[in-house]
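Trainee: test case, fold it:
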Amino acid sequence: MAIAALSALAHEGRMAVFRLLVRAGPGGMPAGEIARAAGMLANTLSSNLGILVAAGLVTSRREGRSVIYAAVYGEARRLLEYLVDDCCGGRPEICAALPPPAPSQAAVQRAIETVFVCAGDPARAMLAAALMNTLSDGRFHARAATLADQTPADPHVKPLLRALGVEENEVAAVPLASLTGPDAPPVAFAITVCAEAVRAPRPVWPGQPITAQWDIPDPAAATGTPVEMAAAFREAARRLRNRIELLLALPMDKLDRLALHARTYEIGRGTEIADGET
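Mentor: Here you go, the predicted structure:
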């Protein structure tokens, strides 16, 4: 599988398409948009996408008359891990001669514990946790929590999680009560992603986390055709991604607690900036 993936990426056009889909996020892009963005003819793009799909680096799904393509983040991660694990063919006498890599900031510093909270359907909290864990490169460890004890996520969230290389059980929402109280691990950020959670009694968080409200419309409440329902979930993922990227870009080592709280709060309020709208 590694040979097929490396062969698929050893082409300028296919590499450009794959990088474009990585930037597009878990929702993916319709084939027509990819062709315009990559400047490719339709038949050339179709051939390149077919090779990427066969290599397991890209998935496709049909929504109405459109075919949506998305990068498989997990497969790309597994490819990199495979290359590193096989370094020097397992011969320690060769690897020992190589200079040790500089430790990453993620390895030096402990991951920042973050909880995303939502009432009812946990899809938004699960998407936020998956995006945070994927985009932060180990700097953050995010979990999803719900006010309800047992509320299954809307099935529309599954393809978006798979596109991130995340299994549903990895970010399954847990009852909020299990993350609060004196015996719970400290939390650095506690962010609610739905208006309903704000109206609930405020929990006693361990570690006095920075709290914020990032209201995202409930995609599970959308009505219409299956295509329109799927589009509502992609839109929720897009909004969450934009806000999480803004949070990750903050110079946290240079901001005091009050400034960091204000900036995190403003990310949720500044919809024109945070949601990438003009």
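Trainee: and the residue nearest the centre of this structure?
Mentor: Central residue of the chain (C-alpha atoms, centre = their mean): Leu131, 1.8 Å from the mean position.
Trainee: which element is it on?
Mentor: helix 123-135 (DSSP states H and E).
Trainee: helices or strands up against that helix?
Mentor: Here helix 123-135 touches strand 112-118, strand 140-146, helix 157-163, helix 226-248, going by 3 or more C-beta pairs under 8 Å, 6 or more residues apart in numbering; DSSP states H and E. Any C-beta I mention is one placed from the backbone N, CA and C, and that applies to glycine too.
Trainee: Throw those into CSV and include mean neighbour count, thanks.
Mentor: CSV is the format used below for the helices and strands packed on helix 123-135 (neighbours: other C-beta atoms under 10 Å):
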stretch, mean neighbour count
strand 112-118, 25
strand 140-146, 23
helix 157-163, 22
helix 226-248, 20
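Trainee: now these as CSV including distance to Leu179 and mean pLDDT?
Mentor: Below are those laid out as CSV (distance: least, C-beta to C-beta, whole Å; pLDDT from 0 to 100):
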stretch, distance to Leu179, mean pLDDT
strand 112-118, 6, 91
strand 140-146, 5, 91
helix 157-163, 20, 85
helix 226-248, 19, 92
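Trainee: what would the ones you listed look like in CSV with distance to Gln208?
Mentor: Output for the helices and strands packed on helix 123-135, formatted as CSV (distance: least, C-beta to C-beta, whole Å):
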stretch, distance to Gln208
strand 112-118, 12
strand 140-146, 17
helix 157-163, 31
helix 226-248, 18
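Trainee: tell me which of these sits nearest to Ala42.
Mentor: Closest to Ala42 of the helices and strands packed on helix 123-135 is helix 226-248 (C-beta to C-beta; 21.2 Å).
Trainee: what comes into contact with the closest one?
Mentor: Contacts of helix 226-248 with the rest of the structure, by C-beta atoms under 8 Å, 6 or more residues apart in numbering, involve 25-28, 63-64, 66, 123-124, 127-128, 131-132, 135-136, 139-140, 154, 156-157, 159-160, 189, 193, 214, 216-217, 219, 222-223, 264, 267-268, 273-276.
Trainee: pLDDT weak spots in the chain?
Mentor: Filtered on pLDDT under 70, the chain yields the residue ranges 1, 23-27, 84-109, 149-150, 197-202, 270-278.
Trainee: ok, 50 please
Mentor: Within the chain, the segments meeting pLDDT under 50 span 92-108, 271-278.
Trainee: run through the strands of it in chain order.
Mentor: Taking DSSP state E, the strands of the chain run over residues 29-30, 58-63, 66-71, 112-118, 140-146, 174-175, 189-192, 210-213.
Trainee: quick check, distance from the helix holding Leu131 to the centre of its chain.
Mentor: Remark: helix 123-135 is offset 5 Å from the chain centroid, using C-alpha atoms, centre = their mean, to the nearest Å.
Trainee: now stretch 46-56
Mentor: Chain-centre distance of stretch 46-56: 23 Å, with C-alpha atoms, centre = their mean.
Trainee: for it, buried residues please.
Mentor: The neighbour-count check on stretch 46-56 (16 or more other C-beta atoms under 10 Å) flags 48-49, 51-52, 55-56 as buried.
Trainee: identify the residues contacting it?
Mentor: By C-beta under 8 Å, 6+ apart, the residues outside stretch 46-56 that reach it are 1, 4-5, 7-9, 11, 13-14, 17-18, 31, 34, 40, 58-60, 69, 72, 75.
Trainee: circling back to that earlier point, please identify which of the helices and strands packed on helix 123-135 is closest to Pro206.
Mentor: Checking the helices and strands packed on helix 123-135 against Pro206 by C-beta to C-beta gives strand 112-118 as the closest, at 9.4 Å.
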